[in-house]
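Student: mind folding the following:
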Amino acid sequence: MIEARTGNALSTTSSEAVSLYNEAIDLILGSQSGADRALDRALALDEHFALAAAARYFLEIDGMGPNADHYRAMATESAASATDWEREHVEVLLGLIEDAGNTLDRARAYVESTPADLMVVSQLGGHLFFYGGPGKLEAVLSLLESVGHGYDDDWAYLARLGFAVSEAGDHQRGRELIERALQTRPQSLYTIHAKAHLLHDEGAAEESTQVLHDWLSLHGQHSRHGQMYGHVQWHLALSEWQTGQRDDALERYQAYCAPGTTTCGPVLTLADCGGFLLRDYLASGKTARLTDDVLEHIERVWSMMGHPFIALHVAGLYASAGDQNGLKRCKDVVEASSAGPNRDTSLALISALSDFVGENYKQSARTLASISPEKRVGIGGSNVERILVELIEENSVIRQ
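Tutor: Next up, the predicted model:
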């Protein structure tokens, strides 16, 4: 019995457990719901199935569940008596989850030897998108293209490559790859999310609204608990907002994308919340008090304030509320962090938003102009964040 993508043998005698594991990996790579149930059934059939336990640990950490230690222990204990490749998969996956910075070299070496292991490739690529600095676009694209030999009909690979290609600026090729992925597995939340990003970057808000409405009408009912469901709804809310349907957009945001209603993890929840409320503030000039769920979510990510991605969205939330005390709190904690490029960029973003709220638009624009294109890439996340910075800058210039 083999792992579906790598073709490597698995240390289990249960063919049903292997089938359930392969099904679960598809669901994880598609950001769809149900992977936890499939893995639980696989582990009930074989409690020593190391890869299934590692994948279950991944889901428990991602969903901030209470049983992460249990599944981690299952994975490491089972891996000790598994094959070499299974043991390396488990150790690298756990390393990327727990201490990615010190696991990168080992992960890259593992990917060279096992390029079709999309669980590891996806985790490595996700880390680079967030922490890869100014060279991240090239690094992620290089990673994905390096594993594509004999593998380019896999929908999950095509979706990730298409996203990386479009982020790097080649929208036509990116669209072709994403469309191929959707044709094979149209219900994948990850893939429709990739298309939504591409349409956003192209400024195609009307097309995005139609595409996402159509997709949700076909697949939304079965995707409601998927990890990226709230984010896909956010893209639709953003498209509606951009086409003048503000009331519908706000209603959708509250129903599916706010911290109290979303299905997303902490970082993506912050991006959706901060990105939406800041855009609405920039367009209207009207501040609105932050609700309790937003304030509670800020505390959840507060320890990460030194990262520019987090600083941009937390400061953006305080700016949308006209809260200079909150912005000062952001500045104080970042100033106390370790010196370096991330600290400098975070402080520039916070200062620009503070000046914007204080109606010192000239200084806000001047500060943002000092953030080079390379540093903007290093903010992390996707081109959505770079466009958001441009919106702050444009509004600062307009208001001078």
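Student: assign the residue lying closest to Arg343 once chain neighbours are set aside to helix, strand or coil.
Tutor: Of all residues not flanking Arg343 in the chain, Ser337 sits nearest, at 5.4 Å (CB to CB, 6 or more residues apart in numbering). For the C-beta atoms, the positions are set from N, CA and C on the backbone; glycine is no exception. In three-state terms, and counting by DSSP: H, G, I helix; E, B strand; the rest coil, Ser337 is coil.
Student: thought Ser337 was touching Met304?
Tutor: No. Judged on CB atoms under 8 Å, Ser337 makes no contact with Met304 at a distance of 10.2 Å.
Student: check the gap between the residue most central in space within the chain and Arg246 for me.
Tutor: To find the centre residue of the chain, average its C-alpha atoms and take the closest one (CA atoms, centre = their mean): that gives Leu268, at 5.6 Å. Applying CB to CB, to the nearest Å, one obtains 23 Å for the distance of Leu268 from Arg246.
Student: now Asn342
Tutor: Counting by CB to CB, the gap between Asn342 and Arg246 amounts to 34 Å.
Student: does the residue nearest to the centre of the chain belong to a helix, a strand or coil?
Tutor: Assigned by three-state DSSP, the conformation of Leu268 is helix.
Student: got the contact list for it?
Tutor: For Leu268, the set of contacting residues under the criterion of CB atoms under 8 Å, 6 or more residues apart in numbering consists of 228, 230-231, 262.
Student: again, but for Thr291
Tutor: Thr291 makes contact with 258, 260, according to CB under 8 Å, 6+ apart.
Student: could you rerun that using 10 Å?
Tutor: When contacts are counted by CB atoms under 10 Å, 6 or more residues apart in numbering, Thr291 touches 254, 258-260, 273, 277, 297, 321.
Student: next: Asn67.
Tutor: 56-57, 59-60, 74.
Student: what's the answer for Gly150, then?
Tutor: When contacts are counted by CB under 10 Å, 6+ apart, Gly150 is found next to 115-116.
Student: could you rerun that using 8 Å?
Tutor: Neighbours of Gly150 in contact, by CB under 8 Å, 6+ apart: none.
Student: SS state for it?
Tutor: Per three-state DSSP, the secondary structure class of Gly150 is coil.
Student: quick check: the closest residue to Leu29 other than its chain neighbours vs His219, distance?
Tutor: Nearest non-adjacent residue to Leu29, counting by CB to CB, 6+ apart: Ala156, 4.0 Å away. Going from Ala156 to His219 by CB to CB gives 16 Å.
Student: okay, those two: which has more neighbours?
Tutor: Under the criterion of other CB atoms under 10 Å, the comparison of Ala156 against His219 puts Ala156 first, with 24 against 19.
Student: could you say which helix or strand holds that one?
Tutor: Element membership of Ala156, judged by DSSP states H and E, is helix 155-167.
Student: and whichever helix or strand comes after that helix, what other elements does it pack with?
Tutor: Past helix 155-167, heading to the C-terminal end, the next element that is a helix or strand (DSSP H and E) is helix 171-184. When contacts are defined as 3 or more CB pairs under 8 Å, 6 or more residues apart in numbering; DSSP states H and E, helix 171-184 sits against helix 155-167, helix 189-201.
Student: wait, Arg385 touches Phe309, no?
Tutor: Careful, residue 385 is Glu; it's not Arg. Yes. With contact taken as CB under 8 Å, Glu385 and Phe309 are classed as touching, separated by 6.5 Å.
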